[in-house]
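> take a look and give me a structure for this.
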Amino acid sequence: MVQLIGTYLKKEVFSMETSEFLAKLIGFYLGIFGLMCLLRSHQIRIMAKDLVCSKCTLAVSGEISLLFGLVIAIDHSIWEYSWRGLITVLGYLFILRGILRFVFPDKLKKMVSKITESKLRLISIVMIVLGAYLTYCGFTK
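You can find the predicted model right below:
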């Protein structure tokens, strides 16, 4: 019984350390990228259009997104209504993004062409807010 409790506590501590690391990593990523999108929206839209035009670049970025999402889904499958659960949801969204880049490159190209300045600004603000929240949680928990 004591061994089971000890193993559970070790797993819980490890999971919390993993959660804190991922919160910092994803938080900084979202914050920095969101800020770049907000400050350089015209340049980001041009880069996004160039990205979806190259199937090779789209495939490589899809592989990276899929791999990153799988790492989170396998090692951090915590389904709770908290910042730790948000990390898990984001991991599955990375998986979805990676798959979509492989399966539907033409639809993705159409979606990117429809992104307006105001939509990009809204996406950027959401990314900055999520990034700030996760970074805060990663450093204070």
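
> what sits closest to K55 if chain neighbours are left out?
P105 (5.9 Å; CB to CB, 6 or more residues apart in numbering). Glycine gets a C-beta too; all of them are placed from N, C-alpha and C.

> thought I99 was touching E63, still the case?
No - judged on CB atoms under 8 Å, E63 makes no contact with I99 at a distance of 10.6 Å.

> name the element the residue nearest the centre of the chain belongs to?
Here the mean C-alpha position of the chain is nearest to the C-alpha of L90 (CA atoms, centre = their mean), at a distance of 5.0 Å. If you go by DSSP states H and E, L90 is part of helix 83-103.

> the next helix-or-strand element following that helix: which residues count as buried?
The helix or strand immediately downstream of helix 83-103 is helix 105-113, counting by DSSP H and E. By neighbour count on 16 or more other CB atoms under 10 Å, the buried set for helix 105-113 is P105, L108, K109.

> what's the separation between the closest residue to the second one other than its chain neighbours and L130?
Nearest residue to L108 in three dimensions, chain neighbours excluded: V52, at 5.4 Å (CB to CB, 6+ apart). Counting by CB to CB, to the nearest Å, the gap between V52 and L130 amounts to 23 Å.

> for S15, same thing?
S15 is 21 Å from L130, by CB to CB.

> neighbour-wise, which of these two wins?
L130 (18 against 15; other CB atoms under 10 Å).

> surely that one touches F33?
No - between L130 and F33 there is no contact under CB under 8 Å: 10.8 Å.
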